[in-house]
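S.K.: Sequence first, predicted coordinates after that:
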Amino acid sequence: MNDEINQTHGTERPRTFPWTPVLAVAILALGGLSFFYENAQTEDLRRQVVAYQKDNAALRSGLSKSDLELQTALDAVREELASTRQDTNSALTKAQASVRKHADLVAGRIAQQQKEQGEQLSAELDKVKESANETTSKLDETTTKLDGKLDGISTEVGAVKSDVASARSNIEETKGELQRARGDMGVMSGLIATNSKEVQYLRDLGDRNIYEFTILRTAGMQKVGDIQVTLKKVDTKRNRYTLDVRADDRLVEKRDKTINEPVQFYTSQARQPYELVVNQVQKDKVIGYLATPKVTLSRNTSPAK
C-alpha cells in the first residue's frame, strides 16, 4: 500500500505560476501609460505651438505698427522739409526782389540827379557862351569901326580881346569845378552838397560817410560822427561862422568860414582829410554835414603826413 501511494506520488505533475496573464496586464498597463504620456506630450507641444503663434502674431503686429509709425514720421519730416524749402525759396525771392528794387531806386535817383545837374550846368554854360558871343560880336564890330584909327586905340581893343579870351578860359576851367571846390587846406574836395537833396545823393553814392548836423552856439561841444564841434560865432549877413573842431584830442579853430566851403582837417584814422560843410548860417546855429573817408587806418598804422 505504501508502494501504491509512493507510485501515485511519483507520477503527479508539478504546479506552474500563471505568468502569461501578468505579462499581458503589464503590457496593457505600459501601453496605457505610453498612450497617456504621448497625449500629454502632444497637448503640451500643441500649447507651445499656439503660444509661439500668438507671440509671432503679436511680433508681426508690433512690427507693422512700428513700420506705420516710422512711415508716418518720415512723411512728416518730408512735409516739414518741403515747407521749409518753400519758405526759404519764398524768403530768398523776396530778398532778391527787395535788393533789385532798392538798386533800381538808387540808380534812378542818381540818374535823375545827374540829369538835373547836367541840365542846370548846360543851361548856365549856354548863358555864359551867349554872353561871351555877344561880347565877341560887339568887340568885332568895335574893331571894324575903329580899324584905321590910332594905334593906341587898336592896342586897347586888342587888350579887350585878350580879356575876353581870358574870360573864356576861366569859363572852361570853372566848368570842370562847378561840382567841386578847394578846401581851406588847399586840397581838392569831393563832390560838395549845398542842400538836403544833394546830401542824400552823396549818401547814396556810398564812397564817404555822411553825418548831417545842426550845431547850436549855446550848446557847447557837440558830437558829429567821431569828432566834436563847438560853434563860437555866426555872421548871418555875410554867411560866415567860426567854430572849434576837436579830433584826436587836438583842438583846431576854423575862423571866418563861408557857407558851402569845405573845411578840411586830418585825423589819425584816415589818410584823406575830413570835410565839414555848412550849408546854412542862421541865428545862433549852423546846418550842414560832415563827410569822412570810408577807409580807415588801424591804430598801428602811421597816418600820411
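M.R.: Sure, I can see it.
S.K.: Contact partners for the closest residue to Ala193 other than its chain neighbours?
M.R.: Excluding its sequence neighbours, the residue lying closest to Ala193 (Cβ to Cβ, 6 or more residues apart in numbering) is Val199, at 4.4 Å. In this view, the C-beta of every residue, glycine as well, is placed from N, C-alpha and C. Contacts for Val199 (Cβ atoms under 8 Å, 6 or more residues apart in numbering) come out as Ala193, Ile210, Glu212, Tyr289.
S.K.: so where does Val199 fall, helix or strand?
M.R.: Following DSSP states H and E, the helix or strand that holds Val199 is helix 196-205.
S.K.: Pretty sure Lys257 sits against Gln264.
M.R.: No - contact status for Lys257 versus Gln264: not in contact, 10.7 Å apart, counting by Cβ atoms under 8 Å.
S.K.: Which residue ranges of the protein form helices?
M.R.: Along the chain, counting by DSSP state H, helices occupy 2-11, 19-146, 151-175, 196-205.
S.K.: out of the ones you listed, nearest to Val278?
M.R.: When these are compared by Cβ to Cβ, helix 196-205 sits nearest Val278, at 12.1 Å.
S.K.: mind showing which ranges of this structure have poor pLDDT?
M.R.: For the chain, the stretches with pLDDT under 70 are 1-17, 142-143, 146-189, 297-305.
S.K.: Domain boundaries for it, per the record?
M.R.: 127-175, 196-293 (automatic domain parsing).
S.K.: Could you identify which of the ones you listed is most buried?
M.R.: domain 196-293 (a mean of 16; mean count of other Cβ atoms under 10 Å).
S.K.: Quick one: end-to-end distance for that one.
M.R.: 20 Å (Cα to Cα, to the nearest Å).
S.K.: quick one: the strands in the stretch 201-305 of the chain?
M.R.: Per DSSP state E, counting those that start in this stretch, the stretch 201-305 of the chain carries strands over the ranges 208-216, 222-224, 227-235, 240-247, 250-258, 263-265, 274-282, 285-293.
S.K.: so which of the helices of the chain comes closest to Asp226?
M.R.: helix 196-205 (17.0 Å).
S.K.: before we move on, back to that, minimum distance to Asp67: which of the domains of the chain has it?
M.R.: domain 196-293 (59.9 Å).
S.K.: now the helices of the chain in TSV, with distance to Leu276?
M.R.: Shown next, in TSV, are the helices of the chain (distance: least, Cβ to Cβ, whole Å):
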stretch	distance to Leu276
helix 2-11	166
helix 19-146	22
helix 151-175	24
helix 196-205	13
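S.K.: Lys232: which of the ones you listed is closest?
M.R.: helix 196-205 (24.0 Å).
S.K.: quick check, distance from the closest one to the centre of its chain.
M.R.: 22 Å (Cα atoms, centre = their mean, to the nearest Å).
S.K.: Specify the angle between that helix and strand 274-282 in degrees.
M.R.: Put simply, helix 196-205 runs at 160 degrees to strand 274-282, going by axes from the mean of the first three to the mean of the last three Cα atoms, to 10 degrees.
S.K.: ok and helix 196-205 relative to strand 208-216, angle-wise?
M.R.: 150 degrees.
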